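**Q** Next comes the sequence, and after it the predicted model I'd like to discuss.
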Amino acid sequence: MTTAWYICPYKRGANTNSGDFIMPVLYCTMYDYTEMIRSVGGHWVETEVLGNRAIVKVRAGEEIIDNKV
């Protein structure tokens with residue numbers, strides 16, 4: 001497993017699990033790669049920083065770190 005650090009922006013999305021209405025949410029863009037990272041046994045964690053950004057630590061196989069993320 002390889003470890004890499006990224007600075008990722010947040011994205012706007014919609015939470016449809018809030019009952020009868022849709023609530024806007026912000027989420028780290030690394031979330032879009034979660035399935036791919038987990039498919040090789042990897043994981044990621046984030047820490048929010050000022051300026052609509054997150055510092056993200058990703059631990060995954062080299063094929064993911066080098067080519068995909």
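**A** That came through, no problem. For clarity, every value in this text was computed on a predicted model and none was experimentally measured.
**Q** now for the strand or helix carrying residue 64, which elements pack on it?
**A** Assessed by DSSP states H and E, residue 64 sits inside helix 62-67. Under the contact definition 3 or more C-beta pairs under 8 Å, 6 or more residues apart in numbering; DSSP states H and E, helix 62-67 sits against strand 2-15. All C-beta atoms are positioned from the backbone trio N, CA, C, and that covers glycine.
**Q** middle-most residue in the chain, spatially?
**A** Centroid-nearest residue in the chain: residue 30, 2.0 Å away (criterion: C-alpha atoms, centre = their mean).
**Q** Would you agree that residue is in contact with residue 54?
**A** Yes. Residue 30 sits in contact with residue 54 when judged by C-beta atoms under 8 Å, with a separation of 7.4 Å.
**Q** Find the residues that touch each one of the two.
**A** By C-beta atoms under 8 Å, 6 or more residues apart in numbering, residue 30 and residue 54 have these common neighbours: 8, 46.
**Q** how much distance is there from stretch 2-16 to the middle of the chain?
**A** Here the centre of stretch 2-16 is set off from its chain's centre by 4 Å, with C-alpha atoms, centre = their mean, to the nearest Å.
**Q** buried ones in that stretch?
**A** Across stretch 2-16, burial judged by 16 or more other C-beta atoms under 10 Å covers 6, 8, 10.
**Q** Other residues contacting it?
**A** 22-30, 32, 46, 52-62, 65, 69.
**Q** I'd like the average pLDDT over that stretch.
**A** For stretch 2-16, mean pLDDT rounds to 88.
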